[in-house]
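A.B. asks: Predicted model, plus sequence, below.
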Amino acid sequence: MPQPSWTATVVEHHRLRKDLAVVRLIGDAVPFRAGQYVDVSVPQHPRLRRRLSPALPPSLDGKLEFHVHAVPGGWVSGSIVADTQPGDRWQIFDPRGGDLHVDETGPTVVMVAGGTGLAPLRAILLDLIRVEDPPKVYLFIGGRTVADLYASDMLWLLTQDLPWLTTIPVVEDVTDPGIPDQWYDRIRDELGEIGFGEDHLIEGTLADVVAAHGAFVDHQVLLCGSPAMVQTTRDRLVATGTPADAIRFDPS
């Protein structure tokens, strides 16, 4: 029996960094839940599939958004970032995963996002907007430098609009400008300094900073990012008193 699939067409491709792009598509309504991931096939490499997490909750009009980081040596992710064009038709397969979810009537939520691990957590945040009285959410986002906080402008605006959302940006070195990146410089020149200022930043690793705010004894804790970040943060949280069964995670 053939595997179910859905078709979507690229309508926007925004390159935010040398190695990162946001891709928006419209097509079939894919039956996933916010926080899940899907496999995608792109025309540049139709025989290969790449696991991606939608950054929007499901919509009946078939809107999809993906945040894609070009992994070194990754043929598909590199092509998506560098070569995607409006009009490209993608195949979407097999929504999976379910660990990243929020009990809408449950206790306060702590989200921890490293890099494009933000995507499924953003989908959950946007899904919570439809809830009449959502739980309070603390979102920790992290990067090595300020330039790694690729969605800081979007999160700044979202945080201003949602009284139940608090965003805590974390960088390992607040003085390091990062490797020169023409895409980052272009966006900064066009939009100016929209986002979190230096007085909002906390210096340190995500694991250290999040653990320092714990223990999260009566919270829902969601982790998403690189496998190393997720494992280190989970270990630190458990060591400082957060119950292991309160932590839901998904290495991106």
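C.D. replies: Structure received.

A.B. asks: Please count neighbours and contacts with C-alpha atoms only from this point.
C.D. replies: Noted.

A.B. asks: Report how many residues lie close to Pro31.
C.D. replies: Other residues lying near Pro31 total 13 when counted by other C-alpha atoms under 10 Å.

A.B. asks: Could I get the buried residue list for stretch 3-21?
C.D. replies: Going by neighbour count (16 or more other C-alpha atoms under 10 Å), the buried part of stretch 3-21 is 6-13, 15-17, 19-21.

A.B. asks: just stretch 139-150 next, same as before
C.D. replies: When burial is assessed from 16+ other C-alpha under 10 Å, stretch 139-150 yields the following buried residues: 139-150.

A.B. asks: which one of the buried residues of stretch 3-21 sits closest to Gly78?
C.D. replies: Asp19 (7.5 Å; C-alpha to C-alpha).

A.B. asks: contacting residues around the nearest residue to that closest one once chain neighbours are set aside?
C.D. replies: If you skip the residues right next to it in sequence, Asp19 has Ala70 as its closest partner in space, 5.0 Å away by C-alpha to C-alpha, 6 or more residues apart in numbering. With contact set as C-alpha atoms under 8 Å, 6 or more residues apart in numbering, Ala70 has these partners: 19-20, 77-81.

A.B. asks: what's the helix or strand for Ala119?
C.D. replies: helix 118-128 (DSSP states H and E).

A.B. asks: Would you mind pulling up the elements that that helix packs against?
C.D. replies: strand 220-225 (3 or more C-alpha pairs under 8 Å, 6 or more residues apart in numbering; DSSP states H and E).

A.B. asks: Next, the buried residues of the strand it packs on.
C.D. replies: By 16+ other C-alpha under 10 Å, the buried positions in strand 220-225 come out as 220-225.

A.B. asks: Which residue in those has the weakest pLDDT?
C.D. replies: Of all the buried residues of strand 220-225, Gly225 carries the smallest pLDDT score, 93.

A.B. asks: Kindly state the beta-bridge partners for that residue.
C.D. replies: According to DSSP bridges, the partner residues bridging Gly225 are Pro251.

A.B. asks: I figured it hits Thr116, correct?
C.D. replies: Yes - under the contact definition of C-alpha atoms under 8 Å, Gly225 touches Thr116, with a separation of 6.7 Å.

A.B. asks: follow-up on the earlier one: mind listing which of the buried residues of stretch 3-21 are in strands?
C.D. replies: For the buried residues of stretch 3-21, the ones inside strands are 6-13, 15-17, 20-21, with DSSP state E as the criterion.

A.B. asks: May I ask you to name the longest helix in the protein?
C.D. replies: When secondary structure is assigned using DSSP state H, the longest helix within the chain turns out to be helix 227-239.

A.B. asks: tell me which element Met111 falls in.
C.D. replies: With elements taken from DSSP H and E, the one containing Met111 is strand 109-114.

A.B. asks: Output the contacting helices and strands for that strand.
C.D. replies: The elements that strand 109-114 packs onto, with contact taken as 3+ C-alpha pairs under 8 Å, 6+ apart, are strand 137-143, helix 206-213, strand 220-225.

A.B. asks: Low-confidence stretches in the stretch 51-200 of the chain?
C.D. replies: 190-195 (pLDDT under 70).

A.B. asks: need the contact list for the closest residue to Thr84 other than its chain neighbours.
C.D. replies: With sequence-adjacent residues excluded and distances taken as C-alpha to C-alpha, 6+ apart, Thr84 is closest to His13, at 6.8 Å. For His13, the contacting residues are 21-24, 84-86, taking C-alpha under 8 Å, 6+ apart as the criterion.

A.B. asks: domain parsing for the chain?
C.D. replies: By the record's domain assignment, the chain is partitioned as 5-96, 109-251 (automatic domain parsing).

A.B. asks: between the ones you listed, which gets nearest to Val102?
C.D. replies: Between Val102 and these, the shortest separation by C-alpha to C-alpha is 7.2 Å, and it involves domain 109-251.

A.B. asks: Spatially central, which residue of the chain would that be?
C.D. replies: When the chain is reduced to its mean C-alpha position, the nearest residue by C-alpha atoms, centre = their mean turns out to be Leu118, at 1.7 Å.
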